[in-house]
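Participant: sequence? don't have it. structure:
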């Protein structure tokens, strides 16, 4: 299952999420920045190196999960490893099945599931749950080793902070200080501290709870200085949270010719270039009641004045 090194292609901001093993990880990228591709790469590493850990891949709706997130994940698996969906006639060498009992030649996963719905089973015994977070109560009671959420800016705070993070408690996953992939199973020599990581991949939006969860406001000036500068992106790790924020320019070589240029011309004057092109979590996104408002100009420490109400 080990692919040639040149098969795994990541731009620098995508690769940054592999720097350390963090409990909570945020990848905030502009439209077209390759976030879903990174879910495919990252999930494939968990499948390869930690197959005994159940994973969770979730999006805001089932349509989004099926038509965007999983479509990109399966395409990435195919590009890197040649993994196809198993079919007894059309693809007898396939590496995974979805929503159905795995074939007899797959390694037995060892779990007792009442239903196969929304489960991905892989030939090496790995299992990945899939879910839609518009009905997040459906994942109450499950236990997983790692989780990946796509387009979380559209998801409610309760779904993430009260439900998903509480499901990340399957034992057996550890930090790996001796590998490019910073997670490993218990039987890996040198396995470090136990961990159950959550990865959030999303576009920028005015979602205060997400900004507060990752303390983005504490780095407002640095974030903007980095993401608007050529060939630069924002990276921060505080021991608990790992954050990567970057513009679509980094992924331009993987997009159609003039995609970024045409989008910038289309959005010129709309106020959306900051969020859609540069991944700015503080930019205007089109729903502001007072377009002249600026956080930097109009928010500060209040001074008491007895002459005013």
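Facilitator: That came in fine, so what should we check first? Since this is a predicted model, take the numbers as computed values, not measurements. Numbering: from 1, shown residues only.

Participant: pull out the buried residues from stretch 91-106.
Facilitator: In terms of neighbour count (16 or more other C-beta atoms under 10 Å), stretch 91-106 has its buried residues at 94-98, 102, 106. C-beta coordinates here come from the backbone N, C-alpha and C atoms, glycine included.

Participant: so what's residue 192 closest to, chain neighbours aside?
Facilitator: Nearest non-adjacent residue to residue 192, counting by C-beta to C-beta, 6 or more residues apart in numbering: residue 175, 3.9 Å away.

Participant: need the pLDDT of that neighbour.
Facilitator: We have a pLDDT of 96 for residue 175.

Participant: quick check: it touching residue 22?
Facilitator: No. Assessed by C-beta atoms under 8 Å, residue 175 is found out of contact with residue 22, at 9.4 Å.

Participant: please enumerate the strands of the protein.
Facilitator: For the chain, the strands defined by DSSP state E cover 24-29, 55-59, 96-98, 119-122, 127-132, 146-150, 173-175, 183-185, 198-202, 234-237, 241-246.

Participant: now residue 263: how far from residue 134?
Facilitator: As defined by C-beta to C-beta, to the nearest Å, residue 263 lies at a distance of 28 Å from residue 134.

Participant: more neighbours: which of those two?
Facilitator: It is residue 263, of residue 263 and residue 134, that has more neighbours when counted by other C-beta atoms under 10 Å, with 19 against 16.

Participant: so residue 200 sits right up against residue 25, yeah?
Facilitator: Yes. At 6.7 Å, residue 200 counts as touching residue 25 under the criterion of C-beta under 8 Å.

Participant: of these two, which one has the most company?
Facilitator: residue 200 (24 against 21).

Participant: against residue 168, how distant is residue 122?
Facilitator: Residue 122 is 20 Å from residue 168, by C-beta to C-beta.

Participant: more neighbours: which of those two?
Facilitator: The residue with more neighbours, out of residue 122 and residue 168, is residue 122; 25 against 20, by other C-beta under 10 Å.

Participant: skipping adjacent residues, who's closest to that one in space?
Facilitator: Sequence neighbours aside, residue 96 is the residue nearest to residue 122 in space, at 4.7 Å (criterion: C-beta to C-beta, 6+ apart).

Participant: which residues touch that neighbour?
Facilitator: Contacts for residue 96 were tallied using C-beta atoms under 8 Å, 6 or more residues apart in numbering; they are 77, 83, 85-86, 120-123.

Participant: what's around residue 111, how many residues?
Facilitator: Residues lying near residue 111 (other C-beta under 10 Å) number 11.

Participant: ok so, going back, between the contacts of residue 96, which is nearest residue 229?
Facilitator: Closest approach to residue 229 among the contacts of residue 96 (C-beta to C-beta): residue 77, at 33.7 Å.

Participant: before we move on, the earlier item: counting neighbours, what do you get for the residue nearest to residue 192?
Facilitator: Here the number of neighbours of residue 175 (other C-beta under 10 Å) works out to 19.

Participant: what's across from it in the sheet?
Facilitator: Going by DSSP bridges, residue 175 is paired in beta bridges with residue 183.

Participant: confidence score at residue 119?
Facilitator: Note on residue 119: pLDDT of 96.

Participant: hmm, it is touching residue 109, no?
Facilitator: No. Contact between residue 119 and residue 109 fails when scored by C-beta under 8 Å: they sit 9.3 Å apart.

Participant: can you check which residues contact both of those two?
Facilitator: Taking C-beta under 8 Å, 6+ apart as the criterion, residue 119 and residue 109 both touch residue 127.

Participant: how close does residue 25 get to residue 42?
Facilitator: When residue 25 is compared with residue 42 (using C-beta to C-beta), they lie 9 Å apart.
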